[in-house]
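Have a look at this prediction, sequence included:
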Amino acid sequence: MTAGLLLDLLLALAVLGTAAWTLAARSQFAAVIGFVVTGLLLTLVWVRLGAVDVALTEAAIGAGATGVILLYVVARLRGGEAEISAATPSRAQRALAALLALSVGGALAYGVLSLPDPAPSLAEAALAGTAPLGLGNPVSAVLMAHRGLDTLLEAIVLVFAVLAVWSMAADHRWGGRPGPVFQREEHGPLSLLARILPPVGIVIGIYIAWVGADSPGGKFQGGTILAAMWVLPWIAGLVRPPSVTDWRLRLMIAIGPLTFLAVGLAGFVVAEGFLAYPPGFAKPLILLIEAAMTLSVAAALACLIAGPPERRRRA
Amino acid sequence: MSLLVGAFSTACVLAGVFFFVAGTAGLIRFPDTLSRVHALTKADNLGLGLIVLGLLPLAPGLGAALKLLLIWVLVVIGGATAAQLIGAAAARDEHAMPSPPSGGRGLGEGGVP
Amino acid sequence: MTEILLGAAFVVLLSVLAGLWRVLRGPRRADRLMAAQLLCTGGIAALLLVAGAYGDGAILDVALLLALLGAFTSVAFVMAARLVGPR
Amino acid sequence: MTATTPEGWLLVLALTLPAGAMLLAFVAGGRHAQRIALGALALWLVIAFAIALQVQRGGAPLAYLIGGWQPPLGMALRADGLSAAMLLTGAVVLLAVALFGRAPYATPRGAQETRAAYAYWCFLPALAASLAAAFLGGDLFNLFVALEMLTFTALALACLDGKPSQFKSELRYLLFALIGSVLYLLGAGLLYGAHGTLDIALLAGRTRADAPTLVAGALMTAGLIAKMALFPLHLWLPPAHAGAPAAASALLSGLVVKGAFVLLLRLWFWVLPAPVVLNGGTLLAALGAAAILIGSVVALRQERLKLLVAYSTVAQMGYLFLMFPLLAAGDAETASRAWLGGVLQAVSHALAKAAMFLGAGLIAASLGHDRVAALGGAARVMPITVIAFAMGGLSLMGLPPSGGFGAKWLLLRASVETGQWWWSLVILSGGLLTGGYVYRIVAAALAPPAPGCEARPVPRAQELCVLALALASILLGLVPLKDLGLVRVGAP
Amino acid sequence: MTGTDILALAACGLVAIGLYGLVAQAEVLRKIIAFNLLGAGVFLLFGVVARRGAGAGLAADPVPQAMVITGLVVAFAATALALVLTLRLYQITGAATVAEDPPEPTAPDS
């Protein structure tokens, strides 16, 4: 596998190179571009590592959603050069930071390279635990059953984050619509794309969420696509976010974790306990949770991208 | 896989790779931004199209083949839009105006002076 | 065939990275805006080639997602650049 | 091999009840959020009490296998004495703070919903859920998610007032917390690579002093002490805690930092191999000793009441690290004493510090400022608050009868018994310094009011909440030590 | 040296780069980007661990993969939160760093 090895080497160097470039970039805007490029390269790395589920997530969330949200903050920050240069660490401090980074990196490399061989693995156990659930994708089985509590808490964390972001608003803006106003663009390439891409994207998003049960994909990846397909017409000024006090929006954000929690607690009655699925009904129940979660992930991510309410409610 | 199909795939893929390399050469050698944008999108879209064409016979089923085509269509649409917007942005940067440009709209009330 | 496809992926990636080096250097922001576009197309090509090499259809979904989000991200970049204004 | 114990479902309830309440409050909004939160927190106290009772009676930890999946593939919730004690403390403090917050975070008449009130009543049950996840989690990755839940909640609570001056220190706090989490996660990745599981009970039997385990231990410890603001990573804490609204400061200083503490205990006394604990423990304790001395001295010199109390948190957190070398070095009985002392310190500090921060908040609200030099007259306007503040101070000093006395006495004894007498000097001088700054405040508050000083009266209900917490920290010292056997259940 | 080892070293390098950026850069936004690079390195390490655990016909151990998916979502939420705080700080005080001395407010809260 010489070609594969070369590919790995090239990818490793490219990732490190773009990451270093990102730090060194002169403007914040360029730094964000460097970050997104690094993220796209990481997607390829994940494919090379045989983790296609993660590759999808990295592309959708790691590079895509994170890049976009960084970008919209950069676009609205205009750095005070004096303050920044005053706060820039001195040469000695930077040398110290480099020393710290190198020692941590070095220690880590030492630790990683001395990991035992053959490596301990739960691959076999996870595979054995996938079939009884009626799923075909062991990663989804781990996410929804074996480590279901992680996923439940993570879904709840997203609600925490949305609420935390909203609560940073100014008091008098409460009840307003999130994010800046974009001028409606009637013509031009952007409005065209904002009209033709979402229908295709929504289908693809639902597809990616749907196939998650049996092959790589799932709620987080699909939900991110759906969020992006809402953000695009928002940028083009075609749609406006609902008010943060709108209970329908809140329900949409919370419905995923609520469904997950309800199914989990129902396990006390209909199955062996919390987050256990009754035999034979595991797959439909998991699909139900995934559907609700896809909706919630999409709504939560869109809200995180849009930010806190910035416009007063119109009475 | 018959020998013929294999040869066709290989040829298409290699041609596609060639276009990617050519696109990069254009990117590096062309002097101004606008021609770089065009060199990039045209050559890369064509290269990707050839690679898709080469991989089509290897696709395991109709679904995979359709997916390949859809990917290409999406890349072409996205590329065209982005190229147009980048070109406009380049033009705008070229005649950078002293006052905030028309593109500075949409800032809303971000609190930026 | 596997080696040919992986080798092709390597060359595509190499050429994309060479282009990236040019694009990131600037001088204008419009040049940098191309970076995401460039890497998306090239990355998708590399992914498709790897998918062909492994015969793994799931990788096609990654390429599909990249194609969709690539279009989205490039547009978002340009729009954000407009917000920042020229420099 | 973990098996679900008969009362294990209580653990699930302790986690899901506040989580569900938070989600419902989030959707319902406005006044409903307040009702849901108060009801859930009251019920949560009952559940925490039931768990403590079960652990004490049974003398064995409770456990619950999520979905019936056995670790290493599945995950378990576990409650030993440490979890039960911390959970109960959390429930008491949270309920008191919630009742305290009824006045400042009421939705005003005529308004549908206000930002601060809505966020407050959603984040209280959120904090309860985060604490439950952190105290009961049996899996190192699950605990990472719990740590992040704690961070998000703490941050949102700290920014509740929306004061511009606050954003900078909270942002610094967030960056520190995020570095901490990432380092922790890095270590967890290495541990999984080396041992094929992140279940704490399974790791306990598998770890050896090999390279991946040592590197992982160092990274995770560094991450956790950054979150606990151990010297020299303490600088973010005072401004972040002091600038927050009183109710949030009480929760941050009293409870949130304890989440990382429990994780650190799990890491050191369950996961890491014994020789590491023996050698590394002394280093941690040395940093803790530095924190006690430096934190106390800096607190003594503060001009602002809330900053003073926040620096006192840095010092009091230092005591927690003294238990590490004592636990590793002594015989079984000494180790058990050090364990009890350390956990008691965490519990009594949570209660006392929550009372002191709430008290400081009331004083600041009444006087309109919190300059220590100008506290004169405070004791006349709000005697209950000042008394409660002083009681909290007694516990921090370690004077009998208080929870703090029990904690410091046990640590003192263990340090003498293990021949590590130098720690006892630190404990004693820390107590003296604490006495100094508490005296400074109380004396200032007892002074006659300066002419022209207008102190507004504060709601009696709020004062009573403060008093209840302070009383709890004192009463803890009256419980005979043998009845604190709860804490020893499942101790290392 | 296998491909996985190379990528393992890349993960360590990414961690070092991210850590350096987080400590040595002044602007909060750059710190946040560096945090994400650091996070990417950590996740990559999980990926290497997963790959090393390939077996039973799976290309990689699914358990660390699931953890990375969870971790990515949590990291995104953390980034969003940090960015909102950065933006609000800037809108209210005009500050783009978290240096000790807050500068004079330049823009009122609009």
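Nice, thanks for sending it over. Numbers count the residues shown, from 1 in each chain, chains lettered A, B, ... in the order given.

alpha carbons only for contacts and neighbour counts from here, please
Will do.

Could you list the contact residues of the stretch 1-150 of chain D toward chain E?
Within the stretch 1-150 of chain D, the positions lying close to chain E (Cα under 8 Å from any Cα of the partner chain) are D:Leu73, D:Phe141, D:Val145, D:Glu148.

which of those residues lies closest to D:Phe324?
Distance to D:Phe324, by Cα to Cα, is smallest for D:Phe141 among the residues of the stretch 1-150 of chain D next to chain E, at 23.4 Å.

Provide the count of other residues in contact range of D:Phe141.
Burial measure for D:Phe141: 25 neighbouring residues, criterion other Cα atoms under 10 Å in any protein chain shown.

part of a strand, is it?
No. Read with DSSP: H, G, I helix; E, B strand; the rest coil, D:Phe141 is helix and lies in no strand.

Just among the residues of the stretch 1-150 of chain D next to chain E, which is most surrounded?
Neighbour max across the residues of the stretch 1-150 of chain D next to chain E (other Cα under 10 Å) = D:Val145, 27 neighbours.

mind listing what it touches?
A:Asp150, A:Leu153, A:Glu154, E:Gly71, E:Val74 (Cα atoms under 8 Å, 6 or more residues apart in numbering or on different chains).

so what's it scoring on pLDDT?
pLDDT recorded at D:Val145 is 97.

Over in chain E, which residue gets nearest chain C? Let me know.
Nearest to chain C, among the residues of chain E, is E:Ala59, at 11.2 Å (Cα to the nearest Cα).

Any idea how many residues pack against that residue?
Residues within reach of E:Ala59, counting by other Cα under 10 Å, total 18.

what residues are up against it?
Contact analysis of E:Ala59 by Cα under 8 Å, 6+ apart lists A:Leu49, A:Gly50, A:Ala51, E:Arg51.

show me the contacts for the third one.
For A:Ala51, the set of contacting residues under the criterion of Cα under 8 Å, 6+ apart consists of E:Gly47, E:Arg51, E:Ala59, E:Ala60, E:Gln65.

what do you get for the last one?
The contact partners of E:Arg51, taken as Cα under 8 Å, 6+ apart, are A:Leu49, A:Gly50, A:Ala51, E:Thr4, E:Ala59, E:Ala60, E:Asp61.

which of the residues you listed has the most neighbours?
Among the contacts of E:Arg51, E:Asp61 has the most neighbours (other Cα under 10 Å), with 33 neighbours.

From E:Ile32, how far out is the residue of the stretch 51-200 of chain D found nearest chain A?
Going by Cα to the nearest Cα, chain A is nearest to D:Gly67 of the stretch 51-200 of chain D, at 3.9 Å. D:Gly67 sits at a distance of 37 Å from E:Ile32 (criterion: Cα to Cα, to the nearest Å).

Also D:Gly436?
Distance of D:Gly436 to E:Ile32, computed by Cα to Cα: 41 Å.

Which one's more surrounded, the two?
More neighbours surround E:Ile32 than the other of D:Gly436 and E:Ile32, with 24 against 16 (other Cα under 10 Å).

where does the closest residue to that one other than its chain neighbours fall, phi/psi-wise?
Nearest in space to E:Ile32, with sequence neighbours left out and distances taken as Cα to Cα, 6 or more residues apart in numbering or on different chains, is E:Thr79 at 6.9 Å. For E:Thr79, the backbone dihedrals (degrees, to the nearest 10) come out as phi -60, psi -40.
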